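[1] task: produce atomic coordinates for the following.
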Amino acid sequence: HSPLPRLRCAQPPYDRLPIPRADIPEGIILSREATHYLHEDEIPIVTFTEANGKPLKIKVQNEEGKKEEVVVKGPAVALPLYQGVMIWQLNSCVSDYLKGATHSARWERRSQYEEFLPEPQFAMGHAVAKFSTPGSVSSRIAYRAVQNATNQRTMICSLLPQAPAGNSLGVIHPGKIAGMTLPIFMNDFAYDYALRPRMSQANLNWFILEETPVPNHKLIDGIYSIAMKLTIGMSICNVVSSILWLTLPKCKLEGHWRSLWAATEHERIRLRCVGDAISLSVRGLEIQDVARMIKDCDHSLEAMQNSKFASTLYVKGFWRVDKDKLPEHRHTVLTLVAFDDLQEKIAACGGDVDKGIEAFCAQNDGEGWMLPETLRLADYGLGHDDRAKEHQPVRECFGPRFYDWQLAQSPEESWRECHLHARNLLGKGGYEALLAELAGETTPQAATAKTPTTSSPNTKPPASHDAYGQLHLGGRGFDEDIPLLQEKDEDVREEQ
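    Down below sits the predicted model:
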């Protein structure tokens with residue numbers, strides 16, 4: 001199928017659908033390109049095999065606590081296998097696989113995040129991941145396990161969706177949902193500043209991490225809510241995040257669901273600076289401490305492109321961050337500007353850090369700190385040339401904060417779609433359990449993605465795989481008459 005024309009203002013590929021995604025009935029699974037679909041009951045149960053065709057067997061612990069070997073069977077659903085190259089700081093989809101294998105594998109770094117589903121090199125059966133490592137089908141924190149102290153950044157950490165990861169990623173299971181805010185604090189400059197001197201090898205092992213500092217600051221509900229929104233909004237900008245958004249009872253979720261996603265370059269750099277400013281503040285740092293950390297990050301673009309000059313800079317410094325950008329557009333410099341603004345708010349609140357952070361995030365009609373329209377580096381003690389003494393444009397250079405499709409839906413429709421994606425990811429039973437948990441009817445447990453079962457797999461139509469590892473029925477597309485997707489009158493739709 002060739003790509004369908006855009007029929008509505010919606011996130012690709014949902015802009016090609018004849019009706020809004022939120023109006024498609026529960027249990028209808030769309031292909032990655034939204035050109036094919038199937039019902040969850042049509043996903044067959046299969047026996048997973050080794051490369052030689054023999055049934056795959058895994059040792060699991062039975063009810064008596066003994067190990068036994070079982071043949072892996074389950075729904076024919078594949079999940080992306082995450083590798084270190086696929087993630088960046090607070091970004092679970094930074095690179096897409098193109099071709100090749102091992103050291104010859106070619107990856108392409110994303111320049112925009114309009115379609116934020118991963119393009120992995122490998123996929124793993126959901127049942128295989130669940131049987132081998134049960135925690136691999138739950139949301140958790142992952143970091144690149146192979147790093148060094150002279151890279152652009154040393155700690156590369158992000159929240160991962162419900163998918164398995166290879167051994168190039170270290171994994172942290174926070175235990176409690178509040179622990180999901182850790183990436184905000186593990187990705188700030190202070191954490192890297194403390195981590196780099198400890199890196200005597202290329203492997204980022206746990207014995208190194210357990211000595212690194214994270215703030216010992218109990219987050220009040222308002223700041224916890226902000227930190228969770230920052231973590232999820234930057235780490236998982238796709239529909240898979242629907243389950244996490246719904247499991248945040250302390251977060252006041254309002255407005256458009258997709259407006260919480262940091263999908264544009266503008267919003268990503270803004271929220272990174274907001275998160276860094278908050279993290280550095282709860283660590284108790286002052287403006288001179290932050291200025292010391294980002295030393296040499298304010299040199300001109302021409303100077304940074306001179307390899308001879310760059311060789312004179314501190315080898316473990318952060319001057320490599322955005323060195324291909326003008327100094328006033330760099331993450332390091334803008335973090336200092338945001339931090340300075342936050343310190344002013346804390347001072348105005350009598351030194352109360354929590355109240356200062358709330359004021360920092362409540363400014364601009366509740367939108368929080370914004371990128372400055374212009375910036376004069378000399379106002380912050382930065383810069384080394386005459387250009388630093390003049391106001392330079394910033395905000396307009398990063399483009400719009402949102403794509404048009406992020407604000408196209410009504411807030412009600414966007415959250416209805418969020419619930420729909422969560423229901424399709426968890427299955428009917430898993431979704432009902434999640435709703436019961438949110439209502440306080442069961443013991444709170446982390447929601448894990450469960451695939452729906454199928455009744456009689458032998459009677460299903462022939463199926464094939466699409467690029468994402470999901471299944472679609474051959475030949476069934478939206479150019480055909482699909483009764484389930486026809487427009488319904490308002491009474492029927494409301495009842496559903």
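[2] from here on, contacts and neighbour counts on C-alpha atoms
    OK.
[3] who's in contact with Phe122?
    The contact partners of Phe122, by C-alpha atoms under 8 Å, 6 or more residues apart in numbering, come to 80-81.
[4] against Cys237, how distant is the nearest residue to Tyr403 once chain neighbours are set aside?
    Closest residue to Tyr403 in three dimensions, ignoring its sequence neighbours and counting by C-alpha to C-alpha, 6 or more residues apart in numbering: Thr264, at 7.1 Å. According to C-alpha to C-alpha, to the nearest Å, Thr264 and Cys237 sit 10 Å apart.
[5] next, the buried residues of stretch 305-323.
    By neighbour count, with 16 or more other C-alpha atoms under 10 Å as the criterion, the buried positions of stretch 305-323 are 313, 316-323.
[6] just name the closest of those residues to Pro5, please.
    Asp322 (36.5 Å; C-alpha to C-alpha).
[7] assess the claim that the closest one and His331 are in contact.
    Yes. Taking C-alpha atoms under 8 Å as the contact criterion, Asp322 and His331 are neighbours in contact, 6.8 Å apart.
[8] and the helix or strand that contains Ala422, what other elements does it pack with?
    Taking DSSP states H and E as the definition, Ala422 sits inside helix 411-438. If contacts are counted by 3 or more C-alpha pairs under 8 Å, 6 or more residues apart in numbering; DSSP states H and E, helix 411-438 sits against helix 242-246.
[9] what ranges do the helices span in this structure?
    Residue ranges of the helices in the chain, as given by DSSP state H, are 126-132, 182-186, 189-195, 206-209, 221-235, 242-246, 265-282, 287-293, 301-304, 307-310, 331-348, 353-362, 411-438, 490-495.
[10] quick one, which of these is nearest to Ala145?
    Comparison of the helices of the chain against Ala145 by C-alpha to C-alpha identifies helix 206-209 as nearest, at 9.4 Å.
[11] quick one: low-confidence parts of the stretch 151-300 of the chain?
    Using pLDDT under 70 as the threshold, the predicted model of the stretch 151-300 of the chain has low-confidence ranges 249-253.
[12] what about the nearest residue to Lys59 once chain neighbours are set aside, neighbour count?
    Closest residue to Lys59 apart from its sequence neighbours, by C-alpha to C-alpha, 6+ apart: Glu69 at 4.3 Å. By other C-alpha atoms under 10 Å, 12 other residues sit near Glu69.
[13] can you pull the contacts of the residue nearest to Arg416 when sequence neighbours are not counted?
    The shortest distance from Arg416 to any non-neighbouring residue, by C-alpha to C-alpha, 6+ apart, is to Ala22 (6.4 Å). Residues touching Ala22, when contacts are defined by C-alpha under 8 Å, 6+ apart, comprise 413-414, 416-417, 420.
[14] my guess is Leu301 contacts Lys323. True?
    Yes. Look at Leu301 against Lys323 with C-alpha under 8 Å: they come within range, at 6.8 Å.
[15] who are the contact partners of Glu119?
    Neighbour list for Glu119: 80, 95-97, 468 [criterion: C-alpha under 8 Å, 6+ apart].
[16] ok, it to Tyr97 distance?
    Using C-alpha to C-alpha, one gets 6 Å for the distance from Glu119 to Tyr97.
[17] likewise Thr154?
    As judged by C-alpha to C-alpha, Thr154 and Tyr97 stand 23 Å apart.
[18] the more surrounded of those two?
    Neighbours of Thr154 and Tyr97, each counted by other C-alpha under 10 Å, are more numerous for Thr154; the result is 27 against 18.
[19] phi, psi of the more buried one?
    Dihedral angles of Thr154 (phi, psi; degrees, to the nearest 10) stand at phi -100, psi -50.
[20] is it true that it touches Gln147?
    Yes. Look at Thr154 against Gln147 with C-alpha under 8 Å: they come within range, at 5.9 Å.
[21] burial count for Thr181?
    21.
[22] residues contacting it?
    224, 227-228, 231.
[23] would you turn these into a markdown table with distance to Gly275?
    What follows is the contacts of Thr181, written out as a markdown table (distance: C-alpha to C-alpha, whole Å):
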| residue | distance to Gly275 |
| --- | --- |
| Tyr224 | 12 |
| Ala227 | 7 |
| Met228 | 10 |
| Thr231 | 9 |
